[in-house]
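# Sharing a sequence plus its predicted fold:
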Amino acid sequence: MIKRDSYLKKLIGFKDHPLIKVITGIRRCGKSTLLELFREYLLENGVKNDQIISINFEDMNFSDLDNAQKLYDFVDSRLKKNAKNYVFLDEIQKVADFQKAVDSLYIKKNVDVYITGSNAHLLSGELATLLSGRYVEIEMLPLSFKEYIEFTGKNDLSRKFADYVRYSSFPFAVYLNNDAGKVRDYLSGIYNTVILRDVAAKKKIADILMLESVVRFMFDNIGSLLSTKKIADTMTFDGRKISTHTVESYISALMDSFIIYRAKRYDVKGKQYLKTNDKYYICDIGLRSFLLGNKGGDAGYVLENVIYLELLRRGYDVYVGKVGDKEVDFVAIKQDTVEYYQVALTVRDENKLKTELASLQAISDHNPKYLLTLDDDPPANHNGIRQINAIDFLME
């Protein structure tokens with residue numbers, strides 16, 4: 001198993017706290033493995049095997065636990081009365097009204113509950129109402145570049161980065177040893193499961209071809225300012241007539257399944273969130289290559305996508321910055337911390353460097369400002385703007 005230390009530390013930190021631990025993320029990003037790693041930690045630290053109850057609802061052995069009452073009765077009958085119990089419920093969204101069972105287990109003082117799910121609706125509706133203030137969400141993504149390197153070795157980082165964005169960051173993909181055919185078959189399975197089961201089936205979308213057209217458009221336009229109207233108009237112009245309402249519905253479903261993420265715009269000077277023209281990024285560049293092929297000329301957007309996901313992993317809320325008529329790629333906010341990031345493949349051309357710096361220089365506050373590039377140059381400082389190699393940044 002690939003160690004997911006940053007996520008594991010979070011789980012360990014919340015162990016025995018009176019909170020439901022909710023782990024969310026796209027299918028195959030490593031949620032089940034994380035639970036397995038945490039169970040190993042418990043067993044190594046004095047917890048006995050009969051204090052652990054683990055159910056994976058993708059396992060047919062548990063297919064009869066299809067409603068809240070059956071699930072609750074099954075778990076309750078196995079609880080140790082005079083000991084702490086650790087209950088793991090993996091892909092729990094398959095259980096009807098599961099939130100009722102989770103709530104009933106949560107209120108038991110000798111139960112520590114951990115659940116996972118592959119859809120953002122896990123924390124919407126009745127569950128959010130029932131458990132308001134009583135759960136903590138741990139959002140998982142596929143492997144970071146640093147995790148990828150920890151498994152594949154630290155030699156030739158530039159080559160490894162090219163492999164990372166080409167062959168996928170999903171954990172199991174690294175076991176396929178960059179075999180393009182095997183990786184493609186593996187990603188095909190993930191893509192079809194997410195699109196057909198998590199999106200089309202859940203949202204009752206009948207026009208699968210139109211849904212896939214929207215997915216292709218979104219994958220092809222990562223890092224571009226988009227509105228649902230612009231998407232609908234562009235697709236209609238290309239002969240795929242679709243309404244703004246349908247585009248909005250499809251994008252919402254794709255975001256709920258964690259296959260794409262939205263970065264809203266933020267007015268840096270006015271310190272307010274803007275309602276128009278968001279940017280979208282994909283959870284794994286390998287999926288994009290699977291669907292669109294290895295496109296040329298968009299490596300800058302690919303790098304931008306990687307940096308966006310990395311900032312999410314580090315716990316930031318990430319926005320696209322607006323500074324007058326200029327744009328800052330990312331405004332990263334975490335509690336009282338604000339940081340600004342500009343991302344470019346190279347700034348060795350003097351005019352390109354001036355252009356990239358101009359957006360950051362237009363910001364008048366003194367929060368940290370970074371320019372990330374793939375130039376293999378020593379770190380530089382441009383009047384307080386730190387220029388750092390992007391791979392070095394990812395390895396921090």
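Now that the structure is in, tell me what you want to look at.
# Which SSE is immediately downstream of the lowest-mean-pLDDT helix or strand in the chain?
Scoring the helices and strands of the chain by mean pLDDT, DSSP states H and E places helix 125-130 at the bottom, with a mean of 66. Toward the C-terminus, helix 125-130 is succeeded by strand 135-139 as the next helix or strand (DSSP states H and E).
# For residue 12, see how far away the residue lying closest to residue 145 once chain neighbours are set aside is.
With sequence-adjacent residues excluded and distances taken as Cβ to Cβ, 6 or more residues apart in numbering, residue 145 is closest to residue 394, at 4.2 Å. For the C-beta atoms, the positions are set from N, CA and C on the backbone; glycine is no exception. Distance of residue 394 to residue 12, computed by Cβ to Cβ, to the nearest Å: 24 Å.
# neighbour-wise, which of these two wins?
residue 394 (21 against 13; other Cβ atoms under 10 Å).
# was I right about the more buried one contacting residue 148?
No. Between residue 394 and residue 148 there is no contact under Cβ atoms under 8 Å: 9.4 Å.
# so where is the stretch 201-350 of the chain shaky, pLDDT-wise?
The model of the stretch 201-350 of the chain has no residue with pLDDT under 70.
# and what of the stretch 51-200 of the chain?
Using pLDDT under 70, the stretch 51-200 of the chain drops low at 125-128, 130.
# Okay, domains of this structure per the record?
Domain assignment for the chain by automatic domain parsing gives 5-139, 145-394.
# So residue 111 is in contact with residue 104, correct?
No. Residue 111 lies out of contact with residue 104 (Cβ under 8 Å); the separation is 9.5 Å.
# Those two: who's more crowded?
residue 111 (19 against 16).
# what's the following helix or strand after the one helix or strand residue 255 maps to?
Per DSSP H and E, residue 255 falls inside helix 244-256. On the C-terminal side of helix 244-256, the closest following helix or strand by DSSP H and E is strand 260-267.
# Residues contacting the helix or strand just after that following strand, please?
Following strand 260-267 in sequence order, the next helix or strand is strand 272-282 (DSSP H and E). Contact with strand 272-282 is made by 218-219, 221-227, 251, 259-267, 288, 304-305, 308-309, 319-320, 322, as judged by Cβ atoms under 8 Å, 6 or more residues apart in numbering.
# all strands of the stretch 1-150 of the chain, in order?
Assigned by DSSP state E, counting those that start in this stretch, the stretch 1-150 of the chain shows strands spanning 20-24, 52-56, 85-90, 111-117, 135-139.
# tell me the contacts of the closest residue to residue 198 other than its chain neighbours?
Closest residue in space to residue 198, ignoring its immediate chain neighbours: residue 257 at 4.2 Å, by Cβ to Cβ, 6+ apart. Residues near residue 257 by Cβ under 8 Å, 6+ apart: 26, 118, 119, 120, 194, 198, 199.
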